[in-house]
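Visitor: Okay, structure incoming, though there's no sequence with it:
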């Protein structure tokens, strides 16, 4: 593809061409109606997203890392998703790493030209010493960000698996990757504003990848967030309720057990179910790879 005008995300949306003449309520309804198409577009890419989850799960199981690399909205969404993994799943901050073109200042401010800096991506990745256990996920709605292309090429050169997420039928710039995830979100309400439908699709895809990966690694029991650390009042309350639900303890007893378990919900549950010390609970969890279901099943 040689002309950016050929990108679906750059085309004018015929349904919103007169949006500036509409009353506010009609503007909002139109935006909402367009947003409803995003989930359907993402649904079509689930087979490829499933392949990505297999890669990321295997990577983390081998001690590897997952890198999100993007520019602008794509980069911010990657950093956001990566930053939410440690508190949600008690995972290491090195499991998912978000990198944005222009550095951390680009999270709040537009850093002009950052997405076109081919060499900077390699420089930003050097200290991480990428290897064959890692997965680098490049995010570019149009597939035109040179920074992202460079990061993908660099990862390939160092033996890492690579994923390219775009929100067009084809990327503006192609490169060799392990998996290409294409989600066609179509023309935006405001022409070219990929912070809208394309950004929504990107957020959904990253949520799916990280959440499904953590579930596959035993970070969830049923649909309960059993691997959370109760680091604030909200999580202390949620953790206590989870423990009470999965054991015979009442709320107060569950809260007391959670504090005994150094605020680890999963450890507290094992301590109560097996009537054991915190040390033994930790050893059993380690033996079972952190999968609470295996421990509960063995006790049934």
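Guide: That came through fine. Everything numeric in this text was worked out from a predicted model, so none of it was measured. Residues are numbered from 1 along each chain as shown.
Visitor: What is the helix or strand in which residue 73 is found packed up against?
Guide: Applying DSSP states H and E as the criterion places residue 73 in helix 72-89. Counting contacts by 3 or more C-beta pairs under 8 Å, 6 or more residues apart in numbering; DSSP states H and E, the secondary-structure elements packed against helix 72-89 are strand 66-70, strand 96-100, strand 135-139, helix 197-216. Where C-beta positions appear, they are placed from N, C-alpha and C, glycine not excepted.
Visitor: hmm, try it at 10 Å
Guide: The contact analysis (3 or more C-beta pairs under 10 Å, 6 or more residues apart in numbering; DSSP states H and E) places helix 72-89 against strand 66-70, strand 96-100, strand 135-139, helix 146-157, strand 161-166, helix 197-216.
Visitor: That helix relative to strand 161-166, how many degrees between them?
Guide: Using axes from the mean of the first three to the mean of the last three C-alpha atoms, to 10 degrees, the inter-axis angle of helix 72-89 relative to strand 161-166 is 120 degrees.
Visitor: can you pull the buried residues of helix 72-89?
Guide: With burial defined by 16 or more other C-beta atoms under 10 Å, the residues of helix 72-89 counted as buried are 72-79, 81-82, 84-85, 88-89.
Visitor: and what of stretch 266-274?
Guide: 266, 267, 268, 269, 270, 271, 272, 273.
Visitor: Find the centremost residue of the chain, please.
Guide: Centrality entry for the chain: nearest residue to the mean C-alpha point is residue 206, 3.4 Å, by C-alpha atoms, centre = their mean.
Visitor: before we move on, back to that, kindly indicate which of the buried residues of stretch 266-274 lies nearest residue 284.
Guide: residue 270 (6.0 Å; C-beta to C-beta).
Visitor: could you give the angle of the helix holding residue 73 to strand 66-70?
Guide: The directions of helix 72-89 and strand 66-70 differ by 150 degrees, with the same axes, to 10 degrees as the criterion.
Visitor: mean confidence score for helix 72-89?
Guide: Throughout helix 72-89, pLDDT has a mean value of 93.
Visitor: Give me the distance from it to the chain's centre.
Guide: Here helix 72-89 is found 6 Å from its chain centre; the criterion is C-alpha atoms, centre = their mean, to the nearest Å.
Visitor: now it against strand 135-139, angle please.
Guide: Using the same axes, to 10 degrees: helix 72-89 against strand 135-139 is 140 degrees.
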